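*Asks:* Only the shape, not the letters, is given here:
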């Protein structure tokens, strides 16, 4: 079998982009969706979430380059009938393209097929996900679909995995892969390879033991399961306590699409933080395989190796950026490498055959907090960090501990501020790799967070639908900023880096035309010179640009395809547009949408002027509960106590007029909703908060 796989890969690689940068059709002479055909960078389509099985998000096309990219305009703009444009949704999906048709999913888990020639909607499949499910942790979103010759596959927030007929959009099969009632959800795009559909599960912040599963693409039959928290008798189980069941709820969620090396027969992915997020006392030990990179056998799901980026994580330092595979020229020879940039801001560059560092990674002592059972050392890669890892000047109202450096421990109710915080480093927005320049392009953020809680060795086990955190995060008034950077993977040194005035929250795409495409929260899609980082082009799409773009050739012309839909977590303008861009386009930019900005410095609270309760009728708490779940749960949590999105606690808000003012005009990091909801709806939400969520005052 190994010889057969190697021969198939060799045939595919004959069409691969060589070092000189020349490219041919990457799928010529091979079945379009064979693993061998999906390994090289794509040209005639965009067949996988990462562009190819290496997750490189690289296009070898050159018709659009640094000399002409300024001419790009819209060829057409399609609207997705309002799907995913409501306040609770985010649009993160990279559109897939094959045989003249684009396939895109929305934050509402609806799937659309669009004609590349016209932008016409060929079919729509509506998910009808129950809006009352309680398994969603960090916003209603979906990162895309997977394609085979005849099917479209999507994982849903309620734990279903569905296969749709590519020609009609009708359901070919549907299974309940995991139950949302047990706190599982799927936000990652599935991966199709070797007649299997492979998908990982979210839910770590709800107290699940996460896993990756492979299913038969023909009928949804389960083939294998790999648990990201090892059970009794499995390697790594001894990194969890023996005196409690913490491992059963240990997290290590999967937020992204895996990568595949067909020749080695290995599947690669990275995992989220250990759970409960901030309470290390309950889970003494390194807590494998949380915050780790892993390799397992593609055919069987059997463990091969791991590398843990953060031991005994108490800072929510997920490894949620997609892993990228690359063949790197080091020391006069080509090395099979894998890289992932964590929320730590470090790039971890490993040998993908063994999991050993290709560039040194040193275990260094870090400050200790016995009440949190902190790890004595942490891995520090040699080279440059993408984002700052200490606080140069104390923010107003805060005292610095250990200069706010990475891995500074915390315990108790007083916030300890650290850089990067949970919103910092590289989160889910995918990185891109240019195999000619040997550079990784990273979209990250510089954010300071405060951490509280922890130290409870008798922490309660999770309840359905309730955040399993053991603490909380807070913000300072220091602005959250973005970092866009190019990293030389042969040295782990920065080639260039720029800071943005807002978070970088869109994936990147690199091209052989020496371009880097990346979206902005204000709705702009931009193209940078990948050699220098200089911006060469921008286009206003009308809503927050948070989805990675796709590039392909169709009927002899090169195009860029983008979903513009906004983000609930960032607070950008919502929308439902898919844009096709080309050198022969004629459509001008759209008008900017109205953002609800969460990512810049918090303004002073508004003066309490004309803010009488606006509704002529009595408030409806039932309607208010539904609206609260749509727009507020993502930051404030189901119980209003503050959640993974770092929203403030609402449990002490007992003044209806004050609640109405806050919802209408915003306050601190909270955006205004006066233009989003009617006065009646604002009163309904406010009444629900004050009369249901607020706790009685202590006598």
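*Replies:* Nice, thanks for sending it over. Since the structure is predicted, the reported quantities are computational estimates derived from the model, not experimental observations. Numbers count the residues shown, from 1 in each chain.

*Asks:* gap between residue 692 and residue 569?
*Replies:* 24 Å (Cβ to Cβ, to the nearest Å). Every C-beta, even on glycine, is put in place using the N, C-alpha and C of the backbone.

*Asks:* Looking at the two, which one has more neighbours?
*Replies:* Neighbours around residue 692 and residue 569, counted as other Cβ atoms under 10 Å, are more numerous at residue 569. The numbers are 23 against 13.

*Asks:* So that one: helix, strand or coil?
*Replies:* coil (DSSP: H, G, I helix; E, B strand; the rest coil).

*Asks:* Now it. Nearest residue, chain neighbours left out?
*Replies:* Leaving aside its sequence neighbours, residue 569 sits nearest to residue 139 (Cβ to Cβ, 6 or more residues apart in numbering; 4.9 Å).

*Asks:* distance of that neighbour from residue 424?
*Replies:* From residue 139 to residue 424 the distance is 18 Å (Cβ to Cβ).

*Asks:* Who has more neighbours out of those two?
*Replies:* More crowded of residue 139 and residue 424, by other Cβ under 10 Å: residue 424, with 29 against 21.

*Asks:* Isn't the more buried one up against residue 387?
*Replies:* Yes. Between residue 424 and residue 387 there is a contact under Cβ atoms under 8 Å: 5.7 Å.

*Asks:* Now for the two: what residues contact both?
*Replies:* 345, 444, 445, 446 (Cβ atoms under 8 Å, 6 or more residues apart in numbering).

*Asks:* burial count for the nearest residue to residue 275 once chain neighbours are set aside?
*Replies:* Spatial nearest neighbour of residue 275, excluding adjacent residues (Cβ to Cβ, 6+ apart): residue 251 at 3.3 Å. By other Cβ under 10 Å, the residues close to residue 251 number 31.

*Asks:* now the one 10 residues further on
*Replies:* Burial of residue 261, expressed as a neighbour count using other Cβ under 10 Å, amounts to 22.

*Asks:* okay but it is in contact with residue 352, surely?
*Replies:* Yes. If you go by Cβ under 8 Å, residue 261 and residue 352 touch, sitting 6.2 Å apart.

*Asks:* Next, show the common contact partners of the two.
*Replies:* Common neighbours of residue 261 and residue 352 (Cβ under 8 Å, 6+ apart) are 268, 325, 336.

*Asks:* Was I right to think the residue nearest to residue 275 contacts residue 279?
*Replies:* No. With contacts counted by Cβ under 8 Å, residue 251 stays clear of residue 279, the gap being 11.8 Å.

*Asks:* hang on, the earlier thing: tell me the bridge partners for the residue nearest to residue 275.
*Replies:* On DSSP bridges, the residues paired with residue 251 through beta bridges are residue 209, residue 274.

*Asks:* For this protein, spot the helix or strand the model is least confident about on average.
*Replies:* None of the helices or strands of the chain scores lower by mean pLDDT, DSSP states H and E than helix 2-13, at a mean of 40.

*Asks:* just checking, what packs against the helix or strand just after that one?
*Replies:* For helix 2-13, the succeeding helix or strand toward the C-terminus, using DSSP states H and E, is helix 35-38. Packing contacts for helix 35-38, counted by 3 or more Cβ pairs under 8 Å, 6 or more residues apart in numbering; DSSP states H and E, involve helix 2-13.

*Asks:* tell me the centre residue of this protein?
*Replies:* The chain has residue 428 as the residue nearest its centroid, 2.4 Å off, counting by Cα atoms, centre = their mean.

*Asks:* can you confirm that residue is in a helix?
*Replies:* No. Under the criterion used here (three-state DSSP), residue 428 is coil, not part of a helix.

*Asks:* so it makes contact with residue 143?
*Replies:* Yes. Counting by Cβ under 8 Å, residue 143 is a contact partner of residue 428 at 7.3 Å.

*Asks:* any shared contact partners between those two?
*Replies:* 92, 255, 256.

*Asks:* want to throw those into a markdown table with secondary structure, pLDDT and distance to residue 292?
*Replies:* Shown next, in a markdown table, are those (DSSP: H, G, I helix; E, B strand; the rest coil; pLDDT from 0 to 100; distance: Cβ to Cβ, whole Å):
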| residue | secondary structure | pLDDT | distance to residue 292 |
| --- | --- | --- | --- |
| 92 | coil | 98 | 23 |
| 255 | coil | 95 | 13 |
| 256 | coil | 96 | 13 |
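
*Asks:* Among these, name the buried ones.
*Replies:* Among those, those buried by neighbour count (16 or more other Cβ atoms under 10 Å) are 92, 255, 256.

*Asks:* And the pLDDT for residue 331?
*Replies:* What the model reports for residue 331 is a pLDDT of 87.

*Asks:* Mind jotting down where the strands sit in the stretch 51-200 of the chain?
*Replies:* With strands called from DSSP state E, counting those that start in this stretch, the stretch 51-200 of the chain shows them at 58-59, 73-79, 96-98, 101-105, 111-115, 121-125, 146-147, 151-155, 160-165, 171-176, 191-193, 196-200.

*Asks:* circling back to that earlier point, which ones are touching the residue nearest to the centre of the chain?
*Replies:* Residue 428 touches 92, 143, 255, 256, 320, 321, counting by Cβ under 8 Å, 6+ apart.

*Asks:* before we move on, what about residue 255?
*Replies:* Contacts of residue 255 (Cβ under 8 Å, 6+ apart): 143, 187, 188, 200, 202, 272, 318, 320, 428.

*Asks:* give me every residue that touches the second one.
*Replies:* Which is residue 187. 141, 142, 143, 155, 157, 202, 255.

*Asks:* repeat that for 7 Å
*Replies:* 141, 142, 143, 157, 202, 255 (Cβ atoms under 7 Å, 6 or more residues apart in numbering).

*Asks:* My understanding was that the fourth one contacts residue 141; is that so?
*Replies:* No. With the criterion set as Cβ atoms under 7 Å, residue 157 and residue 141 do not qualify as a contacting pair; they are 8.3 Å apart.

*Asks:* okay, now the closest residue to residue 543 other than its chain neighbours: neighbour count?
*Replies:* With sequence-adjacent residues excluded and distances taken as Cβ to Cβ, 6+ apart, residue 543 is closest to residue 575, at 2.7 Å. Residue 575 has 24 neighbouring residues, counting by other Cβ under 10 Å.

*Asks:* For stretch 299-316, measure first residue to last.
*Replies:* Stretch 299-316 stretches 31 Å from its first residue to its last (Cα to Cα, to the nearest Å).

*Asks:* buried ones in it?
*Replies:* Per 16+ other Cβ under 10 Å, stretch 299-316 contains these buried residues: 299, 301, 303-316.

*Asks:* so how far is residue 234 from residue 226?
*Replies:* Counting by Cβ to Cβ - residue 226 and residue 234 are separated by 10 Å.

*Asks:* same deal with residue 39?
*Replies:* Counting by Cβ to Cβ, the gap from residue 39 to residue 234 is 31 Å.

*Asks:* Check residue 581 too.
*Replies:* In terms of Cβ to Cβ, residue 581 sits 48 Å off from residue 234.

*Asks:* Between the two, which is the more surrounded one?
*Replies:* The neighbour comparison of residue 581 against residue 234 (other Cβ under 10 Å) goes to residue 581, with 27 against 13.

*Asks:* Show the contacting residues for that one.
*Replies:* 72, 73, 74, 75, 539, 559, 560.

*Asks:* Just the residues contacting stretch 102-112, thanks.
*Replies:* 80, 83-84, 89-91, 93, 95-96, 113-114, 116, 121, 124-127, 129, 140-142, 144-145, 147, 152, 154, 156-157, 164, 169, 561, 563, 565, 578.

*Asks:* Would you work out how far apart the start and end of that stretch are?
*Replies:* End-to-end for stretch 102-112, by Cα to Cα: 8 Å.

*Asks:* Give me the below-cutoff pLDDT ranges for this protein.
*Replies:* 1-29, 596-618, 621, 626-627, 629-631, 633-635, 637-638, 641-649, 665-677, 695-699 (pLDDT under 70).

*Asks:* which stretches of the stretch 351-500 of the chain form helices?
*Replies:* In the stretch 351-500 of the chain, no helices are defined using DSSP state H, counting those that start in this stretch.
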